[in-house]
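S.K.: Build me a model from this:
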Amino acid sequence: MDWTAFLKHHNLEHSMSQRGNCHDNAVAESFFNLLKRERIRRKTYRTREEAKQEVFDSNEMFYNPKRKHVRNGMLSPVEFERQHDM
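M.R.: Reported below is the predicted structural model:
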């Protein structure tokens, strides 16, 4: 199955536009900006494992289950998916 057919089959939209368009990576850039601003900036980690754990905790313990998103109808990603799996 090609990528376009996969997206259509799962009722998904392409998130990329033409090369050089600043909106190509807007969602990912927003996520990583938030991660840096809220969790990582001005911190020094003793080990790579400690840094990895901080990112994991931020994503899996806060961002996905708790942080509400305007684009998800003010639901967390986990709650949004739960409602759409029904």
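S.K.: show me what contacts residue 65?
M.R.: Under the criterion of Cβ atoms under 8 Å, 6 or more residues apart in numbering, the contact partners of residue 65 comprise 76, 77, 78, 79. C-beta: built from backbone N, CA, C; applies to glycine.
S.K.: does the most far-flung residue of the chain relative to its centre sit in a helix, a strand or a coil?
M.R.: Going by Cα atoms, centre = their mean, the residue of the chain most distant from its centre is residue 46, 25.9 Å out. With DSSP: H, G, I helix; E, B strand; the rest coil as the basis, residue 46 sits in coil.
S.K.: how about it, phi and psi?
M.R.: phi -70, psi -30 (degrees, to the nearest 10).
S.K.: Next one, pLDDT for it please.
M.R.: The predicted local confidence for residue 46 comes out at a pLDDT of 95.
S.K.: how much space between it and residue 70?
M.R.: As defined by Cβ to Cβ, to the nearest Å, residue 46 lies at a distance of 36 Å from residue 70.
S.K.: show me the contacts for the residue nearest in space to the middle of the chain.
M.R.: Of all residues in the chain, the one closest to the mean position by Cα atoms, centre = their mean is residue 31, 5.4 Å from it. Residues in contact with residue 31, defined by Cβ under 8 Å, 6+ apart, are residue 63.
S.K.: one step back: going by distance to residue 59, which of the contacts of residue 65 wins?
M.R.: For the contacts of residue 65, the residue nearest residue 59 by Cβ to Cβ is residue 77; the value is 9.8 Å.
S.K.: give me every residue that touches that closest one.
M.R.: 63, 64, 65, 67, 69.
S.K.: so which of those residues is the most crowded?
M.R.: With neighbours defined as other Cβ atoms under 10 Å, the most crowded of the contacts of residue 77 is residue 63; it has 20 neighbours.
S.K.: quick one: contacts for that one?
M.R.: Going by Cβ under 8 Å, 6+ apart, residue 63 touches 31, 34, 35, 77.
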